[in-house]
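Asks: generate coordinates for the sequence data below:
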Amino acid sequence: MDVVIGLEVHVQLKTKSKIFCTCSAEYTKDVPPNTHICEVCTGQPGALPGFNRKVLEYGILLALATRGKINPVIRFERKNYFYPDLPKSYQISQYRAPLSLGGFIELKSGKKIRLERIHMEEDAGKLIHVAGETFIDFNRAGVPLLEIVTKPDISSPEEAVEFLMLLRETVRYLGISDGDMEEGSLRCDANISVKPEGQKELGTKVEIKNINSFKFVKRALEFEIERQAELLREGGKVVQETRLFNESKGITESMRTKEEAHDYRYFPDPDLVPIEITEDLIEEVKKGLVELPIEKYRRFIRDYGLTEERANILKSDLYLANFFEETVKKIGQPEKVANWLTVEITGISRELGIELKDSKLTPERFSSLLGLLFEGRISRAVAKKLLKRIYETGEDPLEIVEKEGLTQSEGGLEPMVQKILETHSEQVKQYCKGKEKLISFFIGQAMRETRGTADPVELKKLFEEKLKDACKSMD
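Replies: Residues are numbered from 1 along each chain as shown. Below you'll find the predicted structure:
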């Protein structure tokens, strides 16, 4: 079966105020309900909207980043339907003259997922269900959204998730949204159809509404693909409908059929005039463009020789990617730096519950620590202990090492290992005669000599190399 998927994604913008009024756009659980509201965002009679220019700038920035064609004149329209969390009973959105048309987001494979359009609109309030009663918090009503609609270019759940991840990384890179699906600042509807392999005509489209995590997007699409494919294999027909994903059961369930779908009856909003987007404005906004995630991913592989996995992890967060490059500028060794960032620092961040950007670790301190390690002045075990400490305290690595006497002997561990073998020549002879368990004895001597600061793995490798040479000389 061939799978055809298109996505409609809502991205909440990180502006200080709402799209059509001056109320704060903050609506988190820490903000008391219905405190960031006014007569405009609650739809009071006679209240007139004003437009937040920053929303337009953020929208243009995303349109430029995705290579969309920006319309020279845009208009707002009223999208009419009744929802209990939309106080006006209509949503101010865009239809005939959206912000931009076309554009694409390129996947790591090189496949381009084309965009149909990007348009601006306002968010609705939030329904809160408690003990059989429903309450409405209008703090979110009027928070600015960009809706990104793709063409039906996506062929699998995996491609859908990759597209969403790249879109989230893009809006974060641009600084226009935090793109957090779990918090609702990035929400996804999926249109999906299945047809026999090679059939030109598209299958019947089914919409899955409001999927709020990457994991659930994948699970919902996988279930729906199998549901539609099984219907077709059994000679049945897929009904055009809107479905919801039941997260606890892992299935999609019918919400409404095509006959129940809304007629939105768009018409121009009489309170908002058309907006001309000049070339001067576009050029001004263009200054905010940055290297996009997919471009950074390819450059990290090309210029630094990183694996696809390492490059993918590093490009997923702009702060992490910049931290990597700043460290490499100071110390080189991109592969080793990438390994420490993606393994050790990721582990410490997870253990302490502190993200790298919120820690006390800087590229300067990180490169200083790795420099001590790469020069052989401290062991890997000491480096790992110090990294966690510096991550929390911001202390200087060199000062800690010198003050606490954590340095290894001149030239690293090798001279010490050689001295231990010379001191214990009888044990070396026994090892060469087959008593290989004596390797633990030698490692123990070294750990005692270094007061437990040496890395046992490094010691074992070094002792095995030296003992191999010693045994050859005895033959």
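Asks: now residue 309: how far from residue 301?
Replies: For residue 309, the distance to residue 301 equals 10 Å [Cβ to Cβ, to the nearest Å]. Every C-beta, even on glycine, is put in place using the N, C-alpha and C of the backbone.
Asks: out of the two, which sits in the more crowded spot?
Replies: Applying other Cβ atoms under 10 Å to residue 309 and residue 301 shows that residue 301 carries more neighbours, namely 17 against 10.
Asks: ok, the closest residue in space to that one that isn't next to it in sequence to residue 444 distance?
Replies: Distances taken as Cβ to Cβ, 6 or more residues apart in numbering put residue 311 closest to residue 301, at 4.9 Å, once the chain neighbours are dropped. Distance of residue 311 to residue 444, given as Cβ to Cβ: 41 Å.
Asks: who has more neighbours out of these two?
Replies: residue 311 (24 against 13).
Asks: list the contacts of that one.
Replies: 297-298, 300-301, 304 (Cβ atoms under 8 Å, 6 or more residues apart in numbering).
Asks: where's the residue nearest to residue 301, which helix or strand?
Replies: If you go by DSSP states H and E, residue 311 is part of helix 308-315.
Asks: report the next helix or strand after that helix in sequence order.
Replies: As assigned by DSSP H and E, the chain's next helix or strand after helix 308-315 is helix 318-331.
Asks: quick one: buried residues of that following helix?
Replies: 318, 320-321, 323-328, 331 (16 or more other Cβ atoms under 10 Å).
Asks: how close does the residue nearest to residue 301 get to residue 207?
Replies: To residue 207, residue 311 is 35 Å away according to Cβ to Cβ.
Asks: pLDDT value on the nearest residue to residue 346 once chain neighbours are set aside, please?
Replies: Sequence neighbours aside, residue 313 is the residue nearest to residue 346 in space, at 7.6 Å (criterion: Cβ to Cβ, 6+ apart). pLDDT, residue 313: 96.
Asks: go on, residue 408?
Replies: So residue 408 comes in at 60 (pLDDT).
Asks: got any ranges where the stretch 151-300 of the chain has weak pLDDT?
Replies: 257-262 (pLDDT under 70).
Asks: show me how the record splits this structure into domains.
Replies: Under the assignment automatic domain parsing, the domains of the chain span 2-286, 293-404, 414-474.
Asks: break down the stretch 201-350 of the chain into its strands, ranges please.
Replies: 206-211, 241-246, 251-257, 267-268, 275-276 (DSSP state E, counting those that start in this stretch).
Asks: tell me which other helices or strands the last one touches.
Replies: Packing contacts for strand 275-276, counted by 3 or more Cβ pairs under 8 Å, 6 or more residues apart in numbering; DSSP states H and E, involve strand 73-74.
Asks: what packs against the helix or strand just after the strand it packs on?
Replies: Following strand 73-74 in sequence order, the next helix or strand is strand 77-80 (DSSP H and E). Applying 3+ Cβ pairs under 8 Å, 6+ apart, we find strand 77-80 packed against strand 90-93, strand 267-268.
Asks: what about 10 Å?
Replies: Applying 3 or more Cβ pairs under 10 Å, 6 or more residues apart in numbering; DSSP states H and E, we find strand 77-80 packed against strand 90-93, strand 112-122, strand 267-268.
Asks: list the contacts of the last one.
Replies: Contacts made with strand 267-268 from outside it, assessed by Cβ atoms under 10 Å, 6 or more residues apart in numbering, are listed as 75-80, 90, 95-97, 274.
Asks: just the buried subset of those residues, written out for ChimeraX, thanks.
Replies: The buried residues among these can be selected in ChimeraX (16+ other Cβ under 10 Å) with this line:
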select :75,76,77,78,79,80,90,95,97
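Asks: quick revisit: I'd say the residue nearest to residue 346 and residue 320 touch.
Replies: Yes. Proximity of residue 313 to residue 320 meets the contact threshold set by Cβ atoms under 10 Å, at 7.8 Å.
Asks: find the residues that touch each one of these two.
Replies: 341-342, 346.
Asks: residue 136: which element?
Replies: Using DSSP H and E, residue 136 falls in strand 133-137.
Asks: same deal with residue 421?
Replies: Assigned by DSSP H and E, residue 421 falls in helix 414-423.
Asks: separation between residue 78 and residue 104?
Replies: 30 Å.
Asks: ok, now residue 177?
Replies: In terms of Cβ to Cβ, residue 177 sits 19 Å off from residue 104.
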